[in-house]
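Asker: Predicted model and sequence follow; I will ask about them next.
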Amino acid sequence: MPETGPSTQGQTAHGPIPTPRTETPAAPPPTTAHRAAGLLVTLVLGGLTALPPLSMDMYLPALPEVTESLRSPAATVQLTLTACLAGMALGQLVVGPMSDKWGRRRPLLVGMVVYVLATAACAFAPNVALLIAFRLLQGLAGAAGIVIARAVVRDLYDGVEMARFFSTLMLISGVAPVIAPLIGGQILRITDWRGVFHVLTVIGVLLTLVVWKWLHETLPPARRHDGGVGSALRTMRGLLADRVFTGYMLSGGFAFAALFAYISASPFVVQEIYGASPQTFSLLFGINSIGLVAVGQINGKLLVGRVSLDKALATGLTVITVAAAALLLMTSGVFGEVGLVPVAAGLFVLMSAMGLAMPNTNAQALMRTPHAAGSASALLGTSSFLVGAIASPLVGIAGEHTAVPMAVVQLVCALTAVACFLGLCRPWQRTGTPAGPPTMGR
């Protein structure tokens, strides 16, 4: 059955589910109940996509304190971020195909329960080695929310509607990076870094209950895959054989790595190099996140449907590259000693441009994969998180007192994203492609 837009309601043993809308000449207008159900699904998916930035960003102001508390070097403590990110990457490879086989609901609930247990364990880690291990488990379990949220969007939407929905999700999930460091900074006023994980545990419990109560199944049994591991691997191999899908996947992955280089390095850059307080760092991080959300909404509300997704994506990648180059010039001393304000401005521009890159790479890649949304979502997420996990320790390779490695990693990642977009996606060859899903291999 064609997937042409937002779904209507069906029925399963788990309760009402959205199913694809049929192409009828005069579809009835959506009822209040349908609009309320759509809003509820949006909020639940927004919560799931907000979980990774909550897990990462609420913890960021505490990194220097963790370094001192556990008597470990900064590069080792940054591995707690890398471990969580690597777990989220690898977990998606497992959960994505599982959701194509068993539906979206069961794997998601299991993952959320394990996430809560792992997060609680992080709060009691006695040393950095166990903290890294628990963060890895936290990431493995948290992957369920990331990959299944994207797969649910693909179940329900297509074409420009999917791109708009991803931008809407960015508005909801973008609130998390704005408030997470602020919450983390305030938690550090009344307790230590372990309190951050206590709060994350409570958030995980609440989100698990919300998913259990209100997120119904979106993948009917007739559209599920019966194969095992071998079938899942063959599906992923087929997806990777699609040059254009792989191009969008890598472009998005390297753009995300440039973002994560900022996430992992900024606590030390802002607080240690420029002497800002945890609260000032949290405020700057929140402002940057507002820029990302605002540009994402410009993309979804103004650009999508008027400008091709490839043009919007190309603009975003160009701005990211220019901002990374400017940051490298400033941090390397080419302009002499620069203060926090110019560096913060460069980081703001880089973060804001992600609002053009991230939703459009996801939408363009998933439009090519209606037959295997879970596996495609897993590959998109895994590539992003793995590249980000590799970039994370590199930003601290020269110590805590220089921001040059951060800028170098950002520029290299941005240039690689541009090369993948131009070399593999080749958008100029598909200028006449309609807004609907293209044929695999086109």
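Answerer: Okay, I see it.

Asker: give me every residue that touches residue 62.
Answerer: When the contact criterion is C-beta atoms under 8 Å, 6 or more residues apart in numbering, the partners of residue 62 are 184, 188, 192, 193, 196, 278. Using the backbone N, CA and C atoms, a C-beta is placed for each residue, glycine as well.

Asker: Quick check: of the residues you listed, which lies closest to residue 168?
Answerer: Using C-beta to C-beta, residue 184 is the member of these that sits closest to residue 168, with 25.8 Å.

Asker: all helices of the chain, in order?
Answerer: Chain-ordered helices for the chain, with DSSP state H as the definition, fall at 32-57, 63-69, 74-102, 105-122, 128-156, 159-190, 194-214, 229-241, 243-268, 278-298, 309-331, 340-366, 373-394, 404-420.

Asker: Count residues in the vicinity of residue 241, would you?
Answerer: Other residues near residue 241 come to 11 when the count uses other C-beta atoms under 10 Å.

Asker: where's it relative to residue 368, distance?
Answerer: Residue 241 sits 12 Å away from residue 368 when distances are taken as C-beta to C-beta, to the nearest Å.

Asker: Could you save the helices of the chain as CSV and add columns showing mean pLDDT and distance to residue 220?
Answerer: CSV is the format used below for these (pLDDT from 0 to 100; distance: least, C-beta to C-beta, whole Å):
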stretch, mean pLDDT, distance to residue 220
helix 32-57, 72, 16
helix 63-69, 86, 45
helix 74-102, 83, 12
helix 105-122, 94, 12
helix 128-156, 89, 9
helix 159-190, 76, 19
helix 194-214, 91, 19
helix 229-241, 80, 18
helix 243-268, 88, 24
helix 278-298, 84, 31
helix 309-331, 93, 28
helix 340-366, 89, 19
helix 373-394, 80, 13
helix 404-420, 93, 35
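
Asker: Those: which one's closest to residue 221?
Answerer: Closest among the helices of the chain, once you apply C-beta to C-beta, is helix 74-102, at 9.8 Å.

Asker: just how off-centre is that closest one within its chain?
Answerer: In terms of C-alpha atoms, centre = their mean, to the nearest Å, the centre of helix 74-102 is set 12 Å apart from its chain centre.

Asker: what angle do it and helix 243-268 make?
Answerer: Compare the direction of helix 74-102 with that of helix 243-268 by axes from the mean of the first three to the mean of the last three C-alpha atoms, to 10 degrees and you get 140 degrees.

Asker: quick one: helix 74-102 to helix 32-57, angle?
Answerer: 150 degrees.

Asker: got the buried residues for helix 74-102?
Answerer: Applying a neighbour-count criterion of 16 or more other C-beta atoms under 10 Å, the buried positions in helix 74-102 are 74-102.

Asker: what residues are up against residue 271?
Answerer: 61, 64, 277, 278, 281.

Asker: With adjacent residues omitted, what lies nearest to the fourth one?
Answerer: Closest residue to residue 278 in three dimensions, ignoring its sequence neighbours and counting by C-beta to C-beta, 6 or more residues apart in numbering: residue 61, at 4.1 Å.

Asker: returning to that earlier point: got a markdown table for the helices of the chain, with distance to residue 222 too?
Answerer: Rendered in a markdown table, the data for those read as follows (distance: least, C-beta to C-beta, whole Å):
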| stretch | distance to residue 222 |
| --- | --- |
| helix 32-57 | 21 |
| helix 63-69 | 48 |
| helix 74-102 | 13 |
| helix 105-122 | 16 |
| helix 128-156 | 13 |
| helix 159-190 | 21 |
| helix 194-214 | 23 |
| helix 229-241 | 17 |
| helix 243-268 | 24 |
| helix 278-298 | 34 |
| helix 309-331 | 30 |
| helix 340-366 | 20 |
| helix 373-394 | 15 |
| helix 404-420 | 36 |
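
Asker: separation between residue 154 and residue 422?
Answerer: For residue 154, the distance to residue 422 - C-beta to C-beta - is 26 Å.

Asker: neighbour count winner among these two?
Answerer: For residue 154 versus residue 422, the count of surrounding residues by other C-beta under 10 Å is larger for residue 154: 26 against 15.

Asker: Am I right that that one is in contact with residue 162?
Answerer: Yes: counting by C-beta atoms under 8 Å, a contact exists between residue 154 and residue 162, whose distance comes to 7.0 Å.

Asker: what sits in contact with each of these two?
Answerer: With contacts taken as C-beta under 8 Å, 6+ apart, residue 154 and residue 162 have residue 366 as neighbours in common.

Asker: Could you give me the buried positions within stretch 235-248?
Answerer: Under the neighbour-count criterion of 16+ other C-beta under 10 Å, stretch 235-248 has 235, 236, 238, 239, 242, 244, 245, 246, 247, 248 buried.

Asker: Could you save those residues as CSV and add columns showing distance to residue 307?
Answerer: Shown next, in CSV, are those (distance: C-beta to C-beta, whole Å):
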residue, distance to residue 307
235, 32
236, 31
238, 31
239, 27
242, 24
244, 19
245, 22
246, 24
247, 19
248, 17
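
Asker: For the residues you listed, name the two members farthest from one another.
Answerer: 235 and 247 (18.7 Å).

Asker: burial count for residue 121?
Answerer: The burial metric for residue 121, expressed as a neighbour count using other C-beta under 10 Å, is 18.

Asker: same thing with residue 205?
Answerer: Around residue 205 sit 16 other residues, with neighbours defined as other C-beta under 10 Å.

Asker: Skipping its backbone neighbours, what lies nearest it in space?
Answerer: Residue nearest to residue 205 in three dimensions, not counting chain neighbours: residue 116, with 5.5 Å by C-beta to C-beta, 6+ apart.

Asker: for residue 131, same thing?
Answerer: Residue 131 sits nearest to residue 125 (C-beta to C-beta, 6+ apart), 3.9 Å away.
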